[in-house]
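Enquirer: Mind looking at a prediction? Sequence and model below.
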Amino acid sequence: MAAYRSTGKELRKSPKGLIAGLLSFLLAAGTAYGIKYVLDGIEPVTSPAESTEISVPDLAESNAESTDGKEYGTETLAASELHHGPLVLISNDYPTEDLTEGIYTVFEKKLNILTVRDLTVMLHEDASAAINELAEGFQKETGLTDLLVLNGYITKEDQKKRYEADLQRTGKTESELYALPGCSEFESGYSFEFSLYSHGNYLDFTTDDEHKWIAEHCADYGIIQRYPEGSEQATGVSNRPEVFRYVGKPHAYYMHENSLSLEEYTAMLEEHPYDGEHFRLTDADGQEYEVYYVPFDPSDPSSEAEIPVPVGYTFNVSGNNKHGFIVTAELD
């Protein structure tokens, strides 16, 4: 099974006594030697010829303890990251912004058992990795290698071109085929469409026959069907079995097991704030996670958001594209 893909950022405990002792040593030795980095949690230090000042974060803040006994530091993110991440919810009410990092062509990352429409189809690297793992599991179970990634990430400008072209074609003032620019699910970088490619022919993806395995097991790899049958009231979109979305293993597994749409699930996570009761869940492998929500005002003029994160744990932070961030920590 695929391992949980995280930001790769992990904080470590920094006892005050240890830091104080090390700082004393560094202040004495720094005048003789140029020191580039000191400890996790201490800012880079230039050589004495440039500066003799050492900057130390507020320990009371960075080592704050919550009621669950964990120590918490802070992760500084650009405020624009509110619009990015595997758990963003995109709609006319909550438009997103173009991704600038982590996007690659699917062809560049794909396995030989997977087909892609052409060299222009792009996705976030986490989504591409999960698709590869899903294709491997599908082949192992069914012997089939006919999965094809038909569509992936699209920029706001490209969405605008499609939207306006459809208006010219139909003569209408609103498109019934395309979402408004900035409001398409495929602008997340984590959504894609599956098709089937067999004997030189493109076929519509369905969950009939062996391909039902994809819908039943994609959550094991961190992927959900974005608009499954029965979710129409929550999503506002009719059943589209070919549209999938990478959200991460623990979230996908919980959503699948409890028949929740992304809309319903992210709304539930908002009920578990950082300063309240955190949400506990497991993935298909039995790995445990802790999840909590950190509010952030999108109208805040600040260019950065300070996110409390557990010290000593691998964690992942995703914006929700509305008014906050979702932190997912992998527990020991």
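Expert: Structure received.
Enquirer: And the helices in the stretch 51-200 of the chain, which stretches?
Expert: 59-62, 106-109, 125-142, 156-170 (DSSP state H, counting those that start in this stretch).
Enquirer: Residue 187: which of those is closest?
Expert: helix 156-170 (6.4 Å; CB to CB). For the C-beta atoms, the positions are set from N, CA and C on the backbone; glycine is no exception.
Enquirer: In that closest one, which residues are buried?
Expert: Applying a neighbour-count criterion of 16 or more other CB atoms under 10 Å, one finds 156, 159, 162, 163 buried in helix 156-170.
Enquirer: Nearest residue to the third one in space, please, no chain neighbours.
Expert: Nearest in space to residue 162, with sequence neighbours left out and distances taken as CB to CB, 6 or more residues apart in numbering, is residue 178 at 5.0 Å.
Enquirer: I'd say that neighbour and residue 186 touch.
Expert: No: the criterion here is CB atoms under 8 Å, and residue 178 misses it with residue 186 at 10.1 Å.
Enquirer: what about the two, which has more around it?
Expert: residue 186 (22 against 19; other CB atoms under 10 Å).
Enquirer: Against residue 298, how distant is the more buried one?
Expert: 22 Å (CB to CB, to the nearest Å).
Enquirer: Residue 88 now?
Expert: 12 Å.
Enquirer: Over to residue 77?
Expert: In terms of CB to CB, residue 77 sits 13 Å off from residue 298.
Enquirer: Who has more neighbours out of the two?
Expert: Each of residue 77 and residue 298 has its neighbours counted (other CB under 10 Å); residue 77 has more, 19 against 14.
Enquirer: Wait, that one touches residue 308, no?
Expert: No: applying CB under 8 Å, one finds residue 77 not in contact with residue 308, separated by 11.7 Å.
Enquirer: what's the overlap in contacts for those two?
Expert: When CB atoms under 8 Å, 6 or more residues apart in numbering defines a contact, no residue borders residue 77 and residue 308 alike.
Enquirer: re the thing from before, which residues do residue 178 and residue 186 both contact?
Expert: residue 159.
Enquirer: Could you check how many residues crowd around residue 133?
Expert: The burial count for residue 133: 19, using other CB under 10 Å.
Enquirer: Please apply the same query to residue 128.
Expert: There are 29 residues near residue 128, going by other CB under 10 Å.
Enquirer: what about the closest residue to it other than its chain neighbours, distance to residue 162?
Expert: Among residues not flanking residue 128 along the chain, residue 109 sits closest, at 4.2 Å (CB to CB, 6+ apart). Here residue 109 is placed at a distance of 25 Å from residue 162 (CB to CB).
Enquirer: Please consider this matter closed, and thank you.
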